[in-house]
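# Could you look at this predicted model? Sequence included:
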Amino acid sequence: MIIESDAIVLKRFPYGESSIICRCFVKSMGKTSFIVHGAHSKKSSKTAYFQPGNCIEIVFYYKDNRDLQTISKISFSKYWGHIPYDLKKIAYTMAMIELTDKCISENDIHNDLFIILLEALETVEKESTELNLVFWYYQYQLLTQLGFKPDFHQSELDFIPLPNPYGTPNAKKIFDYFENGEMAIHKDIKLVKNDRKI
């Protein structure tokens with residue numbers, strides 16, 4: 001079966017002398033692993049596509065009995081002009097990418113989560129401040145999409161008291177935005193030191 005889809009690169013590592021294995025969050029398939037022949041070669045132009053956090057459009061042959069699929073065509077669907085050159089942006093991008101890779105299973109489709117991750121990456125690309133809000137927002141949405149939405153009104157679990165989620169000056173405002181699907185960026189929230197403990 002030939003599939004064409006957008007994808008976000010999660011991880012890559014060398015395989016043999018000239019190939020790589022690349023794990024991607026494919027919009028139409030969920031997490032999928034690929035073998036890319038020749039991509040580890042110094043002369044290959046494919047290497048640039050498979051950096052974690054890159055947004056690509058791929059055409060690939062999918063076979064149920066294969067653990068590694070084969071890509072036949074690739075192009076950038078989004079181009080990051082700022083993320084690769086800013087250590088802070090790189091750190092937040094990699095944190096979201098690694099969190100996604102650890103939390104989703106192979107071939108488990110999460111269309112909404114894909115869109116949320118793409119939106120978060122686009123925000124990291126264009127914004128220079130409040131990037132921690134983007135990361136918190138993504139954590140919240142990831143938990144929600146996977147069925148572990150935080151219940152901020154629950155004060156205890158099995159008779160064990162839980163921390164107060166609204167215990168910092170702006171926590172309630174921030175979480176209210178998150179619950180409404182907003183990142184809380186540019187909402188005139190002046191973060192203080194204690195807010196960063198959320």
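Here it is on my side, so go on.
# hey, which helix or strand in the protein has the poorest pLDDT?
Taking mean pLDDT, DSSP states H and E as the measure, strand 156-157 is the helix or strand of the chain with the lowest mean score, a mean of 68.
# Give me the next element, helix or strand, following it.
Next in sequence after strand 156-157, counting helices and strands by DSSP states H and E, comes strand 160-161.
# Just list what that following strand packs against, helices and strands only.
On a contact count with 3 or more CB pairs under 8 Å, 6 or more residues apart in numbering; DSSP states H and E, strand 160-161 meets no helix or strand. Glycine gets a C-beta too; all of them are placed from N, C-alpha and C.
# any idea how far that strand is from the chain center?
32 Å (CA atoms, centre = their mean, to the nearest Å).
# and if you look at stretch 132-141?
Its chain's average C-alpha position is 10 Å from that of stretch 132-141, according to CA atoms, centre = their mean.
# for the chain, what spans make up the strands?
All strands of the chain, identified by DSSP state E, fall at 2-15, 19-26, 30-36, 55-61, 69-78, 156-157, 160-161.
# Now do the domain split for this structure, please.
2-78, 86-197 (automatic domain parsing).
# so can I have TSV of the ones you listed showing mean neighbour count?
Listed next are the domains of the chain as TSV, based on neighbours: other CB atoms under 10 Å:
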stretch	mean neighbour count
domain 2-78	17
domain 86-197	15
